[in-house]
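Asker: model this:
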Amino acid sequence: MTEDRAILRGLFDAAVEAANPVKAVVRNLPPSPKGRTVVIAVGKAAVPMARAVEDNWDGPLEGLVIAPHGYTHDLKRLRLVHASHPVPDKTSLAAAEQALALAATLGPDDLLIALVSGGASALMSKPVPGISIEEKFGLVKAVLTCGANIAELNCVRKQVSAVKGGRLARAAGPARIWTLALSDVPGDDPAIIGSGPTVPDPTRKKDALAILNRYGVPVPSAVMDWLEAPDEDRSILSAGIETRVIVSPHESFKAVRSKAEAQGLNVLYLGDRIEGEAREVAKVHAAIALEIADRNAPAKKPCLLLSGGETGVTVRGKGRGGRNVEFLLALAIALGGDTRMTALAADTDGIDGMEQVAGAVIDATSLGRARALGLDPMGFLESNDAHALFEALGDQVITGPTHTNVNDFRGILIR
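Answerer: Now for the predicted structure:
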């Protein structure tokens, strides 16, 4: 079991390494402009992406880099500010205002290089006029905990934001805009990555209202007034916009599959678009894993059941949350201590939910060890407190900030 844990951790590390954005940024740099070159980098990969531009850009360079609190840097030409993630606060507001002010200084001969990665939505956050920051941040927090998927969350964010959904590009006026995005969303839609601050938004206010109604999210009156008003004019985005998704979950999982097969594992890859309630997704994964273990189908043992995507958690209890650990605890319960299974689930950014923990690992001993400590696994699941259980077991996966993010890694090793 110890060996299988090490194999899974090595595969997770391969997923993270394949998502390193530096080389991808260098391959996709734009031509130099006649005028100024300004960088606005925002997200969990903002620092390495910005450094890649610094190290490979000939000529003057200026700009702003927005990263989560605690992220260190060695930038020399670009200015770093820290903001809050996953729930925005006043530092996120300050970062958004600085980004908008910088974009507004650009002219028709200038170039804006936008570097966008997962986490950008929270790190750069400013409400539209008439909505207070408390109302906007409270709304986002409510949507985060109601079980909505990432596309639904970002739709709501964009419709009440002064910077998302192409509004940063609008602030840049006639400047040429070159966006390089690192995908952490199913389908790699650049309008969803970081809520698309420089990408035209296909969603409308009515879409956000439908999502809020679907999940029964309480809506402040100011927000409701805004969402019920007509949509704004969206025809003023610059025509000189180039958007490229330079790193995606697909490429990351391709590296994982290659490494697993080199270790003699048969890989059943379910794709990188898995969504849904974490504990329900776990039941489906458990059913497939047991079918493989019992019948050698739909894949033969030894097998790696692999998937990505981004599940959701409807918070019912007062625990510490985390979609990967919730998935893993529900998986352990569904497998019932099966001796043929070892599994790891973790977020490639190193942060699961609001915890500075990437995820966790389970094997056939996990439930028994928990009960020996007087811990009830089902009770921890019902209170959304899987982080506390895995902490007590010493089974957390802790990486620290990985400075990248291509969504979640879920691997089940079946012998």
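Asker: around His73, how many other residues sit close by?
Answerer: If you count neighbours by other C-beta atoms under 10 Å, His73 ends up with 16. Placement of C-beta: from N, CA and C, glycine included.
Asker: that one contacts Glu54, doesn't it?
Answerer: No. The pair His73 / Glu54 is not scored as a contact, 10.4 Å apart, by C-beta atoms under 8 Å.
Asker: which residues of the stretch 1-150 of the chain fall in strands?
Answerer: Assignment of strands within the stretch 1-150 of the chain using DSSP state E, counting those that start in this stretch yields the ranges 37-42, 62-68, 79-83, 111-116.
Asker: mind listing what's buried along the longest one?
Answerer: Put plainly, it is strand 62-68. Gly63, Leu64, Val65, Ile66, Ala67, Pro68 (16 or more other C-beta atoms under 10 Å).
Asker: what's near enough to touch Met341?
Answerer: If you count contacts by C-beta atoms under 8 Å, 6 or more residues apart in numbering, Met341 has them with Ala289, Ala293, Leu335, Ile362, Asp363, Ala364, Ile412, Leu413, Ile414, Arg415.
Asker: Ala388 too?
Answerer: Gly319, Arg320, Phe380.
Asker: and it, how far is that from Asp201?
Answerer: Ala388 sits 38 Å away from Asp201, going by C-beta to C-beta, to the nearest Å.
Asker: kindly report the same for Val361.
Answerer: Applying C-beta to C-beta, the value for Val361 to Asp201 is 39 Å.
Asker: hmm, back to that, nearest to Asn20 among the contacts of Ala388?
Answerer: Distance from Asn20 was checked for each of the contacts of Ala388 by C-beta to C-beta. The minimum falls on Arg320, at 28.8 Å.
Asker: which residue packs closest to the closest one, ignoring adjacent ones?
Answerer: Nearest-residue entry for Arg320: His387, 4.3 Å, with adjacent residues in sequence omitted and distances by C-beta to C-beta, 6 or more residues apart in numbering.
Asker: can you say which helix or strand has that neighbour in it?
Answerer: His387 belongs to helix 386-393 when elements are defined using DSSP states H and E.
Asker: what sits up against the helix or strand that that helix is followed by?
Answerer: Taking DSSP H and E as the definition, the helix or strand that follows helix 386-393 towards the C-terminus is strand 396-397. Outside strand 396-397, the residues that touch it by C-beta under 8 Å, 6+ apart are Arg9, Phe12, Leu344, Ala346, Val357, Ala358, Gly359, Ala360, Val361, His387, Phe390.
Asker: quick one, grab the pLDDT at the second one.
Answerer: Phe12 is assigned a predicted lDDT (pLDDT) of 98.
Asker: list the residues that contact it.
Answerer: In this structure, Phe12 makes contact with Leu344, Ala346, Thr348, Ala358, Val397, Phe409, Gly411, judged by C-beta under 8 Å, 6+ apart.
Asker: so how far is Gly400 from the closest residue to Leu168 other than its chain neighbours?
Answerer: In this structure, Leu168 finds its nearest non-sequential neighbour in Pro197, 3.8 Å apart by C-beta to C-beta, 6+ apart. Going from Pro197 to Gly400 by C-beta to C-beta gives 27 Å.
Asker: ok, now Gly216?
Answerer: Plainly put, Gly216 is 37 Å away from Gly400 if you go by C-beta to C-beta.
Asker: what about the two, which has more around it?
Answerer: Gly400 (11 against 8).
Asker: for that one, which non-adjacent residue is closest in space?
Answerer: Of all residues apart from its sequence neighbours, Gly350 sits closest to Gly400 (C-beta to C-beta, 6+ apart), at 5.8 Å.
Asker: shouldn't the one you found be in contact with Phe409?
Answerer: No. Using C-beta under 8 Å as the test, Gly350 is too far from Phe409 to be in contact (11.3 Å).
Asker: which one of those two is surrounded by more residues?
Answerer: For Gly350 versus Phe409, neighbours defined as other C-beta under 10 Å are more numerous around Phe409 (29 against 22).
Asker: hey, what's that one bridged with?
Answerer: Taking DSSP bridges, one finds Ala346 as the beta-bridge partners of Phe409.
Asker: I figured it hits Gly309, correct?
Answerer: No. Applying C-beta under 8 Å, one finds Phe409 not in contact with Gly309, separated by 10.0 Å.
Asker: identify the contacts common to those two.
Answerer: Going by C-beta under 8 Å, 6+ apart, no residue sits against Phe409 while also sitting against Gly309.
Asker: now find how far off-centre stretch 2-18 is within its chain.
Answerer: 20 Å (C-alpha atoms, centre = their mean, to the nearest Å).
Asker: so which bits of it are buried?
Answerer: When neighbours are counted by 16+ other C-beta under 10 Å, the buried residues of stretch 2-18 are found to be Asp4, Arg5, Ile7, Leu8, Arg9, Leu11, Phe12, Asp13, Ala14, Ala15, Val16, Ala18.
Asker: got it, and stretch 42-59?
Answerer: Neighbour-count burial for stretch 42-59, counted by 16+ other C-beta under 10 Å, picks out 42-54, 57.
Asker: need these in JSON lines (columns: pLDDT and distance to Ser117).
Answerer: As requested, the buried residues of stretch 42-59 are exported to JSON lines (pLDDT from 0 to 100; distance: C-beta to C-beta, whole Å):
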{"residue": "Val42", "pLDDT": "98", "distance to Ser117": "8"}
{"residue": "Gly43", "pLDDT": "96", "distance to Ser117": "3"}
{"residue": "Lys44", "pLDDT": "93", "distance to Ser117": "6"}
{"residue": "Ala45", "pLDDT": "94", "distance to Ser117": "4"}
{"residue": "Ala46", "pLDDT": "96", "distance to Ser117": "6"}
{"residue": "Val47", "pLDDT": "96", "distance to Ser117": "10"}
{"residue": "Pro48", "pLDDT": "95", "distance to Ser117": "9"}
{"residue": "Met49", "pLDDT": "97", "distance to Ser117": "7"}
{"residue": "Ala50", "pLDDT": "98", "distance to Ser117": "11"}
{"residue": "Arg51", "pLDDT": "97", "distance to Ser117": "13"}
{"residue": "Ala52", "pLDDT": "97", "distance to Ser117": "12"}
{"residue": "Val53", "pLDDT": "98", "distance to Ser117": "13"}
{"residue": "Glu54", "pLDDT": "97", "distance to Ser117": "16"}
{"residue": "Trp57", "pLDDT": "97", "distance to Ser117": "19"}
